[in-house]
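Enquirer: attaching a predicted model along with its sequence, questions to come.
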Amino acid sequence: MASITATVTRVGDTSTSEGIARSHHVLIDRPETKGGLDRGPMGGELLLLALGGCFMSNLIAAAKARDVATERLAVTVRGELDDAPARFSAIDVEVDAGASDPAMVDKLMTIAARGCIVHNTLAPGVKLSLRRA
């Protein structure tokens with residue numbers, strides 16, 4: 001079985017952390033209104049970005065494998081927050097896509113969702129919706 005590793009360390013004596021995956025670095029922080037320095041997205045925002053990025057990379061790969069030319073691709077991910085404990089109770093993935101074969105976009109979206117590690121991990125515990133813009 002394969003594995004993926006990411007490391008997060010605190011930056012000095014601040015609210016900022018640095019995440020490292022392979023050779024890539026990202027700062028993680030809280031907004032100033034929550035006592036942070038606003039030097040990067042919060043963890044929850046990174047979760048939404050991770051879902052959007054994972055879905056997008058699978059969408060691009062699915063289109064390429066099927067020789068479907070795309071005119072535009074954008075994914076907007078919105079999370080609905082719930083309390084006690086703080087969590088996302090629902091996440092909506094909205095896809096804005098133009099393709100040489102417009103009817104193929106829905107099929108590509110289904111393929112992308114099935115191949116996305118983040119989507120597959122979240123789906124059992126969070127209400128996920130996938131729709132076109």
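Expert: Looks like it came in fine. Fair warning: this is a prediction, and the values are worked out from it, not measured in the lab.
Enquirer: against T33, how distant is I20?
Expert: With the distance defined as CB to CB, to the nearest Å, I20 ends up 27 Å from T33. Any C-beta I mention is one placed from the backbone N, CA and C, and that applies to glycine too.
Enquirer: who has more neighbours out of those two?
Expert: Higher neighbour count among I20 and T33: I20, with 13 against 7, using other CB atoms under 10 Å.
Enquirer: strands along this structure, start to end?
Expert: Listed in chain order, the strands of the chain (DSSP state E) span residues 7-10, 17-21, 24-28, 70-82, 87-99, 127-132.
Enquirer: outside of the first one, which residues touch it?
Expert: To tie it back to what came earlier, the one meant is strand 7-10. T16, S17, E18, G19, I20, A21, I28 (CB atoms under 8 Å, 6 or more residues apart in numbering).
Enquirer: what about A90, neighbour count?
Expert: Other residues lying near A90 total 13 when counted by other CB under 10 Å.
Enquirer: show me the domain layout of the chain.
Expert: As given by automatic domain parsing, the domain ranges for the chain are 1-40, 43-132.
Enquirer: wait, what's in contact with the residue positioned nearest the centre of the chain?
Expert: The centre of the chain sits closest to L51, judged by CA atoms, centre = their mean, with a distance of 2.1 Å. Contacts were defined as CB under 8 Å, 6+ apart; by that measure L51 touches V77, I91, V93, C116, V118, H119, L122.
Enquirer: quick check, pLDDT for it.
Expert: Reading off the per-residue confidence, L51 sits at a pLDDT of 98.
Enquirer: any idea how far V77 is from it?
Expert: Using CB to CB, one obtains 5 Å as the distance from L51 to V77.
Enquirer: which neighbours do those two share?
Expert: Overlap between the contact sets of L51 and V77, as judged by CB under 8 Å, 6+ apart, is given by I91, V93.
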